[in-house]
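based on what follows, work out the 3D shape:
(one chain, ligands or ions: 1)
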Amino acid sequence: MMKIGLIGYGYWGPNLARNFNQNPDLELSYICDFSQDRLKAASVMYKQTKFVNDPEALFKDKDLDAIAVATPVSTHFDLAKRALESGKDVWLEKPMTEKVEQAEELIELAEKNKRLLHVDHTFVYTGAVRKIKELIDKGELGDLIYYDSTRVNLGLFQQDVDVIWDLAPHDISIMDYLMPFKKMAVSATGSKFYGNGIVPKALLTIYMENNVVGHINVSWVSPVKIRQTLIGGTAKMVLYDDNQPSEKIKVYDKGVQLFETKEDLYHLKVQYRVGDMWAPKVSDHEALGLQTKHFVECLKTRQKPLTDGKAGLEVVKILVASQKSLKGRGVPVELA
Ligand SMILES: NC(=O)c1ccc[n+]([C@@H]2O[C@H](COP(=O)([O-])OP(=O)(O)OC[C@H]3O[C@@H](n4cnc5c(N)ncnc54)[C@H](O)[C@@H]3O)[C@@H](O)[C@H]2O)c1
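Okay, the predicted model is just below:
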């Protein structure tokens, strides 16, 4: 049995606690939260767990193997740093950190101390995203040309971060997993129209190598909830609709081809291919369950997690560049 402690039992923490508790190889030794009310809520669920207000209790416990951090992003760096310095393996919520340098420092520290640094990019562990990855790896879609996602709904308005930091990490992490191409530049637009200094609606454009483009539309102020992603390939295209209870993925044998004709060398002829559509079977496992299983496997074998610090850093780089571009009304920001 590996022992894990959880810091942060707000909105997301309870999902982690439940999945850690359900894993037969994990013991949920601690739940830590500033809030006494949150600890009270947790104590009803977990009888064998210790409940503390101060994270130091976790850092100091020599028997504790790993620490999960599910607190607001502004606290991620300090808590993860202390955990790594105390010799613990770390599960860190998305987005990994507020700054690129902080993410880089955590990666370095984890490597120096030979500790795991796992970042919770939940969607990478869903049946739907796994299926799309399988189709891409088999070459079904041909060459990838675009990623186009819409993640909009009404709420949960955050008080301290723009919508980009709340919702876009999901899409950026899915995109990076499916399209592990070099990201060249980012342009982002949005507005603080409620006067509270927070951007509740934004559009990101991510320029990747080989002319591949990503468009990510995120909003807390949409009257309807849309969770749709289109992944374009030269051979086939995929529609991933996360709101659908079944048939979340549809593969379209559709495409566009441009070619020169003998008669008219100066104009390219456009030909559309309109073929069949099919909906492959998608596993309906809980993503956090699979992710916990993978984390435990990494704890045992010391292999690097699929969504490690480097994957977390990629997301932070794009978020930071987007924030900068947003201030300049969409001026592209080059990614180093
Ligand atoms: N992976 C996902 O799909 C997903 C979904 C939602 C949220 N998240 C991430 O989870 C993290 C937490 O989000 P949330 O919505 O649960 O936030 P929240 O504000 O609802 O909960 C955070 C909790 O942490 C506690 N806390 C804050 N700082 C603390 C500290 N230093 N020590 C102890 N307790 C502390 C607060 O009292 C609160 O109960 C964020 O990074 C967020 O981006 C991830």
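
max-length helix in this protein?
Secondary structure of the chain per DSSP state H: the longest helix is helix 309-327.

any residue of it touching the ligand?
No: contact of helix 309-327 with the ligand (CB under 6 Å from any ligand atom) is absent, the minimum separation being 11.0 Å. For glycine as for every other residue, the C-beta is placed from the backbone atoms N, C-alpha and C.

that helix - what's its average pLDDT?
Mean per-residue pLDDT for helix 309-327: 98.

quick one: distance of the helix or strand that it is followed by to the chain centre.
Following helix 309-327 in sequence order, the next helix or strand is strand 333-334 (DSSP states H and E). Centroid separation between strand 333-334 and its chain, computed with CA atoms, centre = their mean, to the nearest Å, is 21 Å.

for stretch 208-225, same thing?
Relative to the mean C-alpha coordinate of its chain, stretch 208-225 is positioned 14 Å out (CA atoms, centre = their mean).

who's in contact with that stretch?
Residues from elsewhere that reach stretch 208-225 (CB atoms under 8 Å, 6 or more residues apart in numbering): 143-158, 163-164, 166-168, 171-172, 175, 179, 181-184, 200-207, 243.

hmm, which of those are the buried ones?
Buried members of the contacts of stretch 208-225, scored by 16 or more other CB atoms under 10 Å, are 144-153, 158, 163-164, 166-168, 171-172, 175, 179, 183, 200-207.

of those, which belong to strands?
Taking DSSP state E as the definition of strands, the buried ones among the contacts of stretch 208-225 contribute 144-153, 183, 201-207.

what about Asp61, how many residues nearby?
Asp61: 18 surrounding residues under other CB atoms under 10 Å.

hang on, isn't it packed against Gly5?
Yes: counting by CB atoms under 8 Å, Asp61 does reach Gly5; the two are 7.4 Å apart.

list residues touching both of those two?
Common contact partners of Asp61 and Gly5 (CB under 8 Å, 6+ apart): Ser29, Tyr30.

coming back round to it: pull out the buried positions in the longest helix of the chain.
Going by neighbour count (16+ other CB under 10 Å), the buried part of helix 309-327 is 309-323, 325-326.

for that helix, the distance to its chain's centre please.
For helix 309-327, the distance to the chain centre is 12 Å (CA atoms, centre = their mean).
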